[in-house]
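# build me a model:
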Amino acid sequence: MAAEVAQHIVFVPFAAQGHVAPMLHLAHAVAVRGDVSATVAVPDFIHRRMSQYSGEAGAGVALVPIPSSVPDDGGDEPPGPASIVHSMEHHMPAQLEGMLTTQRGIGALRVSCLVVDLLASWAIPVAARCGLPVVGFWVGMLATYRTVAVIPELIGKGFISESDCPYAHEGILLPRDGIDEDHFDKHQDIGDVNILPAKLKLRMKDFPWLVGGGGGGALSQKSRFAFWLQTVDRAKNLRSILVNSFRDEGGDSDRYDPPEGQQILHVGPVLLSDDLKKTTTMWLADETCMGWLDKQSPESVIYVSFGSWAAPIGPDKITGFARGLEASGRPFLWVLKNHPSWRAGLPDRYTEKVDSRGKIISWAPQDDVLQHVAVGCYIMHCGWNSMLEAVRYGVRMICYPISADHFINCAYIINMWEAGIALVSSDQSDVKDCIERVMEGEEGSRLKGKVNELREKIMGGDAVRVAKMSLDLFMEGIKNHDTETGGK
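Next comes the predicted model:
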């Protein structure tokens, strides 16, 4: 007779690949314990895409759809943020609550706990209504969570307006559509307000709640600000927040005092474990790139990808990158979605012109690409998952942040860990110059050493032990709650 599963946990990620993949890894890391099963509940359009292009979620992990009412044509462009956020607040809560209150379980399994991506905070009140304990999950650095959690404090000190998104200083609201750089450099540097280390050289404008994603269906600045305020308010009473990062990220970035009674648990290194399934994808990967990489010399290829969620960077910038990659004279693999909004700006007959040493594909099996011996550097948007993958495989980074938390991640890569360099523009000369710096000479060797140091910090024994202890504390909390309530 099979052993009874003592705990069943439902995981609710935000509707983006960069959030679903680490949540699946977390669910698997929990399920491999043996006495736990997991369900990852995703919006239906995510479920359709992943069912089409991905394998099984993993032993002990089920992937189930939540009806969302979000239109999706299944193409290279996912639904826009505005439609997703509207569904999260006005449609999906009732659907999830219905799933959980059918004998308070999913199928025949009684649910013990919800783990909720903080960007999907809509599920926190659902858990409360169902009488279920809930734990938060932050998919990025603790440093980026700090910049969000501090919003109420910044409002209280008058740095920002409670009713809108512009900055305020000494009672003066600055223009909504413009930022006075001199004013902020002088009065509102991040180091001055004691949120993140001054060494990062960040400005207040780099906070993720002020950085838009652009593109069709994007949220307005005011809507983004309201979204983050709501997220912070819902998260403040959570007993635990799991963070997809490692302890001692750098500088004083771990110097965060959570609300009384709340614990922060770093689990990132465990989610990078070799025994976990590779990143699950929502797009069909072009596997022909692997055969192409096999034909290239070791550490000769420039890999270029701006992730799955960031908006198209625009025709002028695409033109600059195209010409810079060509001028570098090196082989390159460029992930560029096969959609007019992404490929507008490619010079005429460009793919034919660079065919002998350049390959452009709509999506890549990124985990396989980054660990390939031919890859020498990664021109990236500084998404947290991509950064972790690059470090895991010892790939040097050229940083070109686009939106969300990219600017903070970039600052850590360059100024704190010194494992990459900044690409200040997409101009042909800047692209070519950065490639030469990273791929050649002393600077390239130094960066390689720094990436390897960072890999040891993230993947080393101490970091993994801390992450496993964090998972143990998380599970212990669930079991204690179940014991106290008699499993009701």
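# and residue 64, which of the three is it?
The three-state label given to residue 64 by DSSP: H, G, I helix; E, B strand; the rest coil is strand.
# and for the one 5 residues further on?
Following three-state DSSP, we place residue 69 in the coil state.
# what does residue 195 give?
Assignment for residue 195 (three-state DSSP): coil.
# run a quick neighbour tally on it.
Residue 195 sits with 22 neighbouring residues when counted by other C-beta atoms under 10 Å. Every C-beta, even on glycine, is put in place using the N, C-alpha and C of the backbone.
# dihedrals phi and psi, the spatially closest residue to it that is not a sequence neighbour?
Among residues not flanking residue 195 along the chain, residue 150 sits closest, at 5.5 Å (C-beta to C-beta, 6 or more residues apart in numbering). Here is the backbone geometry of residue 150 (degrees, to the nearest 10): phi -80, psi 0.
# state the distance from residue 150 to residue 388.
24 Å (C-beta to C-beta, to the nearest Å).
# which one of these two has more residues nearby?
residue 388 (25 against 19).
# so the more buried one sits in a strand?
No. Using three-state DSSP, the assignment for residue 388 is helix, not a strand.
# my read: it touches residue 268, true?
Yes. Taking contacts as C-beta atoms under 8 Å, residue 388 lies within contact range of residue 268: 7.1 Å.
# output the below-cut-off pLDDT ranges for the protein.
1-5, 52-59, 73-77, 103-109, 160-194, 210-220, 251-255, 274-281, 309-311, 481-488 (pLDDT under 70).
# need the single longest strand in it, by residues.
With secondary structure taken from DSSP state E, the chain has its longest strand at strand 36-43.
# okay, now the sheet partners of that strand, with direction.
Using DSSP bridges, strand 36-43 pairs in its sheet with strand 7-12 (parallel), strand 61-66 (parallel).
# how about these, which one is nearest residue 231?
Minimum separation from residue 231 across the strands paired with strand 36-43 (C-beta to C-beta) falls at strand 7-12, 13.6 Å.
# list the buried residues for that closest one?
Buried residues in strand 7-12, counted by 16 or more other C-beta atoms under 10 Å: 7-12.
# so what touches stretch 355-371?
76, 278-279, 281, 283-290, 292-293, 303, 305, 325-326, 330-338, 351, 375, 378, 386, 389-390, 392-393, 395 (C-beta atoms under 8 Å, 6 or more residues apart in numbering).
# which among those residues end up buried?
Buried by 16+ other C-beta under 10 Å: 76, 279, 281, 283, 285-286, 289-290, 292-293, 303, 305, 325-326, 330-337, 375, 378, 386, 389-390, 392-393, 395, out of the contacts of stretch 355-371.
# filter those down to the ones in helices?
If you go by DSSP state H, the buried ones among the contacts of stretch 355-371 have 289-290, 292-293, 325-326, 386, 389-390, 392 in helices.
# can you list the domains in this structure?
7-144+218-275+460-485, 150-204, 288-458 (automatic domain parsing).
# now the end-to-end length of the second one.
Counting by C-alpha to C-alpha, to the nearest Å, you get 12 Å between the two ends of domain 150-204.
# what do you get for stretch 98-117?
Across stretch 98-117, first to last residue, C-alpha to C-alpha, it's 19 Å.
# from residue 143, how far off is residue 230?
Counting by C-beta to C-beta, the gap from residue 230 to residue 143 is 21 Å.
# who has more neighbours out of the two?
Shown here are residue 230 and residue 143; by other C-beta under 10 Å, residue 143 has more neighbours (27 against 13).
# can you list phi and psi of the more buried one for me?
Main-chain dihedrals, residue 143, degrees, to the nearest 10: phi -60, psi -40.
# which residues touch it?
196, 249-250, 253, 408, 412.
# 7 Å instead, please
Applying C-beta atoms under 7 Å, 6 or more residues apart in numbering, we find residue 143 in contact with 196, 249, 253, 408, 412.
# swap in residue 395?
Contacts for residue 395 (C-beta under 7 Å, 6+ apart) come out as 370, 375, 377-378, 451.
# and the residue nearest to residue 228 when sequence neighbours are not counted, what does it touch?
Leaving aside its chain neighbours, residue 228 sits nearest to residue 209 (4.1 Å; criterion: C-beta to C-beta, 6+ apart). Applying C-beta under 7 Å, 6+ apart to residue 209 gives the contacts 148, 151, 224-225, 228.
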